[in-house]
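Q: need coordinates for the following:
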Amino acid sequence: ILWKCFWPDCHNCCDRQGRLPLTSDDLITIGKGLKYQRSSDFIKNETITTTWQDITPSGQVTTMTTINLKRKTDETEHEDGTHISCRFLDEKGGCSMHPDRPGVCYLYPFSTWLENEKGMARVHATYQFTGDCPGFYLSDDLQLMKQELKDYSKIIYDYNMSSSRTMRENLGSVSFG
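A: Prediction:
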């Protein structure tokens, strides 16, 4: 299975996000892009903090607390995880924040998670097969798949390092059940 983005003709990923968790890097970059002088003002006005649980493919329960970019200006904690169109999506389907959009947006169509394996955190990644994206297709060409995974491996690695740094800076938390 491979993937090709159809943007700008398609922007389903921006229309159907369940949440937009921010890393500490995102807080600085996006806050500056939105003309905030202080990160604390950006966090107060433009984000919500939510806690949720996910079950990993291996069945492990992970509890996450993150600072999330509000997808609409009056978004509440009760709307976390629901599909809401991102307020930064312009009338032509482009991201008005690009190139300073959240790291999780660059990560799409991959989903990444941590699992506790023998006391060590292990990073996993997979495609998000939610039915929202028309860009998935089948191919027998292993070279294409290897190239796609190579291209995305840096994005996945960078995002996970930034997420880990965010947790160490006490701007979020993760626990394994």
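Q: and the strand or helix carrying residue 163, what does it pack against?
A: For residue 163, the host element (DSSP states H and E) is helix 142-168. If contacts are counted by 3 or more Cβ pairs under 8 Å, 6 or more residues apart in numbering; DSSP states H and E, helix 142-168 sits against strand 2-3, helix 24-33, helix 103-107, strand 110-117, strand 120-127, strand 172-176. Quick note: C-beta positions are derived from backbone N, CA and C, even for glycine.
Q: give the residue farthest from the middle of this structure.
A: The centre of the chain is farthest from one residue, residue 140, which by Cα atoms, centre = their mean lies 28.8 Å away.
Q: separation between it and residue 1?
A: 11 Å (Cβ to Cβ, to the nearest Å).
Q: equivalent analysis for residue 82, please.
A: As judged by Cβ to Cβ, residue 82 and residue 1 stand 27 Å apart.
Q: just to check, residue 21 is in contact with residue 105?
A: No - under the criterion of Cβ atoms under 8 Å, residue 21 makes no contact with residue 105, lying 10.6 Å away.
Q: which SS state does the residue nearest to residue 9 when sequence neighbours are not counted fall under?
A: Distances taken as Cβ to Cβ, 6 or more residues apart in numbering place residue 93 nearest to residue 9, at 7.5 Å, with adjacent residues excluded. Using DSSP: H, G, I helix; E, B strand; the rest coil, the structure places residue 93 in coil.
Q: when you give positions from now on, start the count at 14
A: OK, 14 is where the count begins now, so the last one is residue 106.
Q: state the pLDDT value of residue 15.
A: For residue 15, the model assigns a pLDDT of 78.
Q: residues in contact with the most centrally placed residue in the chain?
A: The centroid of the chain falls nearest to residue 117 when counting by Cα atoms, centre = their mean (2.3 Å). Residues in contact with residue 117 (Cβ atoms under 8 Å, 6 or more residues apart in numbering) are 33-35, 172.
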